[in-house]
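Peer 1: Got a sequence here, can you build the structure:
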Amino acid sequence: MKLRGGELTVLAGIGCVVAALIVPSYETPVGNLDIWDTFGAAAVLLLATLSAALALVLAALLEQESPALPVSTAVWGVLLGLIGTIAAFVRVLERPEHASGLAAGAWLGLGGAMLILLGAWLTIRDERPSRYRAARPEPRPRP
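Peer 2: Have a look, this model is predicted:
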């Protein structure tokens, strides 16, 4: 029930993506646009990344005897984290509805997706101590 460094990194990414859903992403001459005003494929992929990250953290918190569920959600987290990072990068590059500049939401989305990708990657690492001692064979006697 203890969160490791990878899961904590994913949790920070979740916070950034949730903040990106609330604060404006683009500046226009008429006013600011948030993710819901410019909803498209990139926003859907970012939400899928957020869902995978939430599943990863919940699986780590509810870990039972078998590590199968936390490991499988971490693998999906890496895949969807990569897709979400690409989608967030596209959102940074695009300018919907004649937007003149980027606001904090676009950068928070990109940073959060990158943190989710990094955290899921770190979660996959095998942190178990070795079961066997290192082999140290005796040297052969010289003839």
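Peer 1: how many other residues sit next to the closest residue to Gly105 other than its chain neighbours?
Peer 2: Leaving aside its sequence neighbours, Gly105 sits nearest to Ser25 (Cβ to Cβ, 6 or more residues apart in numbering; 3.5 Å). Yep, even glycine has a C-beta here, placed from its N, CA and C like the rest. If you count neighbours by other Cβ atoms under 10 Å, Ser25 ends up with 27.
Peer 1: Sticking with the residue nearest the centre of the chain, tell me its helix or strand.
Peer 2: For the chain, the residue nearest the mean C-alpha position is Ile116 (1.2 Å; Cα atoms, centre = their mean). Per DSSP states H and E, Ile116 falls inside helix 104-124.
Peer 1: gap between the residue nearest to Gly105 and Ala104?
Peer 2: Distance, Ser25 to Ala104, using Cβ to Cβ, to the nearest Å: 8 Å.
Peer 1: for Thr28, same thing?
Peer 2: Distance from Thr28 to Ala104, by Cβ to Cβ: 15 Å.
Peer 1: The two: which has the busier surroundings?
Peer 2: In this view Thr28 and Ala104 are compared by other Cβ under 10 Å, and Thr28 has more residues nearby, 17 against 13.
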